[in-house]
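K.L.:
sharing a model prediction with you, sequence too.
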Amino acid sequence: MHRSSNEPALQCDACGAEIDGEPGGHGLLVFVRGDEVVREEPPLCERCALAISVTALQRWEMEEDDG
């Protein structure tokens, strides 16, 4: 999916870098506002998407090892 020339470029939600083309991934933010649950999936650049994914996997493995 390509943006037209008049659409603003996407920016990585983690580092603010401009994303050229498709995002490397998306984050997941969940907010509860009263009875409403709001879900957002902000774009991430490839570098941040990879870093966040690897960190999450490492923490999950550490929790598994701790029992």
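P.N.:
Perfect, I can see it now. Numbers count the residues shown, from 1 in each chain.
K.L.:
residue contacts, the residue nearest the centre of the chain?
P.N.:
Closest to where the C-alpha atoms of the chain average out (C-alpha atoms, centre = their mean) is Gly27, at 2.3 Å. Shown in contact with Gly27 (C-beta atoms under 8 Å, 6 or more residues apart in numbering): 13-14, 40-42, 44, 52. Yep, even glycine has a C-beta here, placed from its N, CA and C like the rest.
K.L.:
ok, now with 7 Å
P.N.:
If a contact means C-beta atoms under 7 Å, 6 or more residues apart in numbering, then Gly27 has 13, 41-42, 44 as its contacts.
K.L.:
now which of the residues you listed would you call buried?
P.N.:
13, 44 (16 or more other C-beta atoms under 10 Å).
K.L.:
looking at the contacts of Gly27, spot the one nearest Asp65.
P.N.:
Set against Asp65, the nearest of the contacts of Gly27 by C-beta to C-beta is Leu44 (27.3 Å).
K.L.:
spatially nearest residue to the closest one, not counting backbone neighbours?
P.N.:
Spatially, and ignoring its direct neighbours in sequence, Leu44 is nearest to Gly25 (4.7 Å; C-beta to C-beta, 6 or more residues apart in numbering).
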